[in-house]
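S.K.: sequence and predicted model, in that order:
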Amino acid sequence: MSTAVEQSGDTAPTEAEQAPASPPAPPPAKPLWLAAIYVASGLLMFITQGLGMNIVNANLYQLQGQFSATAAEAAWLSAAYVAPYATLSLALFKVRAQYGLRPFAEWSILIFVLASLLNLFVSDLHSALVVRFISGCAGAPISSLGFLYVLEAFPAHRKLSQGLNAALMGTLLAAPIARMISPGLLEIDGWHALYTLEVGLALVSMAIIFALPVTAPPRAKVIERMDIVSYLLMAVGIGCLAVFLTLGRLYWWFETWWLGVLLICAIGFIAVTALIESRRTNPMLDFRWIFSRDNLHMAAVLLVFRAVSSEQSSTAVSFFQQIGLLNDQQFVLWSLVLLASIGGALFCMALMSSRYVETAHVIALALIAGGAYLDSQATNLTRPEQMYLSQGMIAFGAAMFLPPVMAKGFGSAMQKGLPYVVNFIAIFLFTQITGSMLMTSLLGSFVSIREKFHSNVLVENILLTRPEVAQRVSQLAAAYRKVITDPAILNAEGLTLLSRQVTREAYVLAYTDTFLLISVVTTAALAVLLVHLAWRWLRTSRRAAGELSPQS
């Protein structure tokens, strides 16, 4: 054999050698049992990373006592996590492409395990902030690996339909699970019990990654020196914006000077990044393509999704907290939300396998609009049982909204090449992570403004000269009559209790206004979508009629 090889250097290349190399054949379809293991592994990684992000958000008020912090100080825990997480996936995509998927996966899970272990040594708010920042850095690659493991289970022609749908379903699981399991864990050992679970899940994920490989794409040298400069500038800008949006409504936008500094820094760093990237031959971010008409339309659709899905993720949760309900009283509600999310994703998967893909958006918007309208009828006597139907509708619709947009955008980016995939990831991250914080802060600010309005209206009608008001004050003060004998102090206690009831009622009215606003916005988006679909169908029909008329 060696002689033949040596002689081949002196002979002319054969016809087979002259023919261009054919593209590699796609890998064969995996057996059903192995595909199920890959999907389960990917979903476990989504849950592992998602619990690390959501378990603090789900227990923010409970953790205030453990860290002796105010609500605004505890909110720094969320800001510290999101600030690095919002952009790190962008850099990691290029790192994975240049240095290989296998080393990327192994180092990522090791760093995530170490970051999870650090949570067990948290003793106060300051140490928690540092560890949350590190966890945000470590959590970004795990969500990327979750996508890769889920997509690995599907053949090539189904990755952007069923595969992407299943992966996006994984991103919806952690939030309700965090609220379901938190009460029991908090009773065991507070913060440490919450993150002992994350450490266990991280170790299971590490075993999976080392034992179960995924198909690695070919390596390519894609990182340039200016990519590092551009990314650092953009990361600082988006990080400042994330902190500004997370804390703005708590410290209030115009009352704290450093919020303005954060906003100026965010605008300045992002503008410098855009200026540098616009002058590069091979930019990391092609801002001209990002701001093209199709991408702006896609970004608008994704922002609408974040706005309407915030009804469940932030507004409904805050409503329950305001009327004094904790996570342990909402277990059945979040169980139904989890089941509805899975059902919506499976139904959308069936639609994406047919020619009725755009029907998913119509159904999703109709369900969210209907669910938000039902929630707008809430009162101070509303309990989770009255919201089973509405929250189930919203969860089902939210699970159907994102996959069609992602499949279309990601497919067009892949056709243009690797640099455009990075740009698409930038659009997705900005609209979903930063957009989520933006919509949550805007809705929270709307609640605060409406609460002041309703509070003023209610207080105007509370006069002690009115018999029903005086009677109500007397009834509330009766609870203290055995321990307070001074009539003036007793009357003051009654007025204090009445003031609390008025504030709670004002907040309930403010939240119902917010639910109604979301319903109106969603209905408007549905109307625009229906008009767009009707116009496109009419234009297609006219074009088809014009092509047939010469033949007739």
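M.R.: Alright, I've got the coordinates.
S.K.: quick one: Leu326 from Ala366, how far?
M.R.: 32 Å (Cβ to Cβ, to the nearest Å). The way it works is simple: take the backbone N, C-alpha and C, and place the C-beta from them, glycine included.
S.K.: my error: substitute Asp294 in the last question.
M.R.: 25 Å.
S.K.: neighbour count winner among these two?
M.R.: Ala366 (16 against 11; other Cβ atoms under 10 Å).
S.K.: got a list of what the more buried one touches?
M.R.: By Cβ atoms under 8 Å, 6 or more residues apart in numbering, the residues touching Ala366 are Gly397, Leu526.
S.K.: can you tell me the element it falls in?
M.R.: helix 359-375 (DSSP states H and E).
S.K.: next SSE after that helix?
M.R.: Helix 359-375 is succeeded, C-terminally, by helix 388-416 (DSSP H and E).
S.K.: avg pLDDT for that following helix?
M.R.: For helix 388-416, the mean per-residue pLDDT is 80.
S.K.: now stretch 540-551
M.R.: 66.
S.K.: check stretch 268-288 too.
M.R.: Mean predicted lDDT for stretch 268-288 stands at 81.
S.K.: mind listing what's buried in stretch 59-76?
M.R.: Asn59, Leu60, Gln62, Leu63, Gln64, Gln66, Phe67, Ala69, Ala74, Ala75, Trp76 (16 or more other Cβ atoms under 10 Å).
S.K.: of these, which is the nearest to Trp535?
M.R.: Taking Cβ to Cβ as the measure, Ala75 is the one of the buried residues of stretch 59-76 closest to Trp535, at 44.0 Å.
S.K.: ok, the closest one to Gln329 distance?
M.R.: 23 Å.
S.K.: distance of the closest residue to Val214 other than its chain neighbours from Ser78?
M.R.: Leaving aside its sequence neighbours, Val214 sits nearest to Glu152 (Cβ to Cβ, 6 or more residues apart in numbering; 4.6 Å). Taking Cβ to Cβ as the measure, Glu152 falls 32 Å from Ser78.
S.K.: buried residues in stretch 319-332?
M.R.: Quick answer for stretch 319-332 (16+ other Cβ under 10 Å): Phe319, Phe320, Gln322, Ile323, Leu325, Asn327, Gln330, Phe331.
S.K.: any chance of TSV for those, columns pLDDT?
M.R.: Below are the buried residues of stretch 319-332 laid out as TSV (pLDDT from 0 to 100):
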residue	pLDDT
Phe319	86
Phe320	85
Gln322	81
Ile323	81
Leu325	79
Asn327	78
Gln330	84
Phe331	86
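S.K.: returning to what we had before: next, give me the two most distant ones among the buried residues of stretch 59-76.
M.R.: Gln62 and Trp76 (15.9 Å).
S.K.: what's the helix or strand where Thr512 lies packed up against?
M.R.: If you go by DSSP H and E, Thr512 is part of helix 487-548. Other helices and strands packing on helix 487-548, by 3 or more Cβ pairs under 8 Å, 6 or more residues apart in numbering; DSSP states H and E, are helix 293-310, helix 317-322, helix 359-375, helix 435-460, helix 467-477.
S.K.: minimum distance to His157: which of those helices has it?
M.R.: helix 359-375 (19.2 Å).
S.K.: okay, buried residues for the closest one please.
M.R.: Buried-residue list, helix 359-375, by 16+ other Cβ under 10 Å: 360-361, 363-375.
S.K.: likewise stretch 285-301?
M.R.: So stretch 285-301, judged by 16+ other Cβ under 10 Å, has buried residues Leu285, Asp286, Trp289, Ile290, Asn295, Met298, Ala299, Val301.
S.K.: check stretch 480-498 too.
M.R.: For stretch 480-498, using 16+ other Cβ under 10 Å, the buried residues are Leu490, Asn491, Glu493, Gly494, Leu495, Leu497, Leu498.
S.K.: what about Thr523, neighbour count?
M.R.: Residues near Thr523, counting by other Cβ under 10 Å: 17.
S.K.: thought it was touching Gly370?
M.R.: No. Applying Cβ atoms under 8 Å, one finds Thr523 not in contact with Gly370, separated by 9.2 Å.
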